[in-house]
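> Would you be able to build a 3D model of this:
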Amino acid sequence: MTQFLEQHHLLGLAIGVATFLIIGLFHPIVIKTEYYFGTRPWWIFLLLGIGAVAASALVADVFWSSLLGVFGFSSFWTIKELFEQRERVAKGWFPQNPRRS
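The predicted model follows:
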């Protein structure tokens, strides 16, 4: 697949689209995670990020290495956003889960 993308000069475009989709996927993940679990699972995103960044360094293919790097750093970003989401909920910008205190 990467060969096809490189031959047709579409590799950058494909990485950009995939990056957009990965980042877009993490927005609702942040909101739902904070709603159902609070900030407690931040360490899961830390482990996901470390694993993805390490895998990115080991994968030779530029496309998959790039996507693993984007996924890893998006996981790190999610940690920060979880704590900021908690503040947004406290301000009333997002609903608080009534089952969780």
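
> any idea how far the residue lying closest to F94 once chain neighbours are set aside lies from A14?
Nearest non-adjacent residue to F94, counting by C-beta to C-beta, 6 or more residues apart in numbering: R88, 5.2 Å away. C-beta here means a position set from N, CA and C on the backbone, and glycine is covered the same way. From R88 across to A14, the span is 33 Å (C-beta to C-beta, to the nearest Å).

> in the helix or strand R88 falls within, what counts as buried?
Following DSSP states H and E, one finds R88 within helix 62-90. Under the neighbour-count criterion of 16 or more other C-beta atoms under 10 Å, helix 62-90 has 63-76, 78-79, 81-82, 85, 89 buried.

> which helices and strands sit right next to that helix?
Judged by 3 or more C-beta pairs under 8 Å, 6 or more residues apart in numbering; DSSP states H and E, helix 62-90 is in contact with helix 2-7, helix 11-37, helix 42-58.

> Which among those helices is found nearest to R100?
Nearest to R100, of all the helices and strands packed on helix 62-90, is helix 11-37, at 7.3 Å by C-beta to C-beta.
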